[in-house]
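# Let's see this in three dimensions:
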Amino acid sequence: MSFPFFPAQASSSAEQVDHLFFGLLALSGLVLLIVFAPMIFFLFKYRRGMRVNRRLRSSSAVRLEIIWTAVSLLLSTGLFAWGAKVYLDLERPPAGGLEIHVIGKQWMWKAQHAEGNREINELHVPAGQTVRLILATEDVIHSFYLPAFRIKQDAVPGRYTQEWFLAKKPGTYHLFCAEYCGAKHSQMIGRIVVMPPAEYENWLKNGQPAESLARGGERLFRELDCSGCHMGSTVVRSPRLEGIYGKPAPLANGQFQVANEQYLRDSILLPQAQIAAGYEPLMPTFKGRVSEEELVQLIAYIKSLGDQRAP
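Presented below is the predicted three-dimensional model:
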């Protein structure tokens, strides 16, 4: 692994980010030239001892000011629209991508694949396929930074964040934490291994995981006695979980909340914050009882239920 002056363009979004960067750089250079070139010229022309006309000229510059203001407005508006498009493209992952959970911890990155494979400070992904990373942290803020892919996203305590990429070609690329997170922050580095799709499938199989995320979540679901309230015929009235993921969930305050990963996480750790409509606030909190990795497994199990009834 080398450290080139400018990282390779290894993702589908890297090129448009670079175009925006060089566009801003070119415009900054143009403004620098327009402002400082006359300034330097006049410094020499009107320096002490030079015989030049120093009388004050009373001429109107309204036309020049209007042109300068209009051109600046158009350029700044155009750059804003360009940057907004790039930003929105980076923040909205395409549907149907490969989902991988990444958990930051002082001082390592832990990745969990849906098939059950786990990695530390490494992430194997297939080339030519959209990958959506769901980020969390066990302690402080970390920042998942891939220079070759031109993406960076913070992992924030108490919530999930996401970023996505589509790796264009196989190879090995740097992974850094770009947020100071403690004494060994500089050692929180890793690598992204982009593989041809067939090799990636073989890598998943050769990993021989003990259980998938959903299967591990089902085991935890029963060990924590969640099934006693949320599955089958129970005495305690609780919302059924089959098919809840991705749909609007009605709340007791009359509002609706899409049941995404963050909603499921909050329902497990902070059950009194968002009470489901028509139900009593009886669910206990599991904060301190389940780890970030176990939360990932529980949420994966709930997502796997779909519209079918759980066994």
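
# mind checking which helix or strand D266 is in?
Per DSSP states H and E, D266 falls inside helix 261-269.

# quick check: angle from the very next helix or strand once past that helix to helix 261-269?
Remark: after helix 261-269, the chain's next helix or strand is helix 292-305, criterion DSSP H and E. For helix 292-305 against helix 261-269, the angle by axes from the mean of the first three to the mean of the last three CA atoms, to 10 degrees is 110 degrees.

# rewinding a little: grab the CA positions of the helix holding D266 and hand them over as PDB.
Extracted in PDB, the C-alpha atoms of helix 261-269 (Å, rounded to 0.1, in the frame of the first residue of the first chain):
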ATOM      1  CA  GLU A 261     -32.900   0.900  12.000                       C
ATOM      2  CA  GLN A 262     -32.900   4.000  14.200                       C
ATOM      3  CA  TYR A 263     -36.500   3.500  15.200                       C
ATOM      4  CA  LEU A 264     -35.900  -0.100  16.100                       C
ATOM      5  CA  ARG A 265     -32.800   0.800  18.000                       C
ATOM      6  CA  ASP A 266     -34.600   3.400  20.100                       C
ATOM      7  CA  SER A 267     -37.500   1.100  20.700                       C
ATOM      8  CA  ILE A 268     -35.000  -1.400  22.300                       C
ATOM      9  CA  LEU A 269     -32.900   1.000  24.300                       C
END
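
# how far out from the middle of the chain is that helix?
Averaging C-alpha positions (CA atoms, centre = their mean, to the nearest Å) puts helix 261-269 18 Å from its chain's average.

# What of stretch 165-179?
Taking the mean of its C-alpha atoms, stretch 165-179 sits 13 Å from the chain's own mean (CA atoms, centre = their mean).

# swap in stretch 252-261?
Centroid separation for stretch 252-261 versus its chain: 22 Å, with CA atoms, centre = their mean.

# Which parts of the stretch 101-250 of the chain are strands?
Residue ranges of the strands in the stretch 101-250 of the chain, as given by DSSP state E, counting those that start in this stretch, are 108-113, 118-120, 122-126, 130-137, 142-146, 151-155, 161-166, 171-177, 189-195, 248-250.

# Okay, now the sheet partners of the fifth one, with direction.
So the one you mean is strand 142-146. Taking DSSP bridges as the criterion, strand 142-146 forms sheet pairs with strand 151-155 (antiparallel), strand 171-177 (antiparallel).

# The second one too?
If you go by DSSP bridges, strand 118-120 pairs up with strand 108-113 (antiparallel).

# neighbouring contacts of the helix holding D266?
With CB atoms under 8 Å, 6 or more residues apart in numbering as the test, helix 261-269 has contacts from 134, 159-160, 245, 249, 257, 273-274, 283, 285-287, 290, 295, 298-299, 302. (Each C-beta comes from the backbone N, C-alpha and C, glycine too.)

# Where does pLDDT dip in the stretch 51-200 of the chain?
Within the stretch 51-200 of the chain, the stretches with pLDDT under 70 are 58-60.

# still on that earlier bit, what subset of the contacts of helix 261-269 is buried?
Buried members of those, scored by 16 or more other CB atoms under 10 Å, are 134, 160, 245, 249, 257, 274, 283, 286, 290, 295, 298-299, 302.

# Which members of these are the farthest-apart pair?
Put simply, by CB to CB the two of these set farthest apart are I134 and M283, 23.4 Å from each other.

# how far away is G217 from S304?
Per CB to CB, to the nearest Å, G217 is found 8 Å from S304.

# Name the residue in the two with the higher neighbour count.
Set G217 next to S304 and count neighbours by other CB atoms under 10 Å: G217 wins out with 24 against 17.

# Go ahead and confirm that one touches Y301.
Yes - taking contacts as CB atoms under 8 Å, G217 lies within contact range of Y301: 2.8 Å.

# one step back: the strands paired with strand 142-146: which one's closest to S212?
strand 151-155 (23.0 Å).

# tell me the angle that closest one makes with strand 130-137.
Interaxial angle of strand 151-155 relative to strand 130-137 (the same axes, to 10 degrees): 30 degrees.

# chain center to strand 151-155, what's the gap?
With CA atoms, centre = their mean as the basis, strand 151-155 stands 5 Å off its chain's centre.
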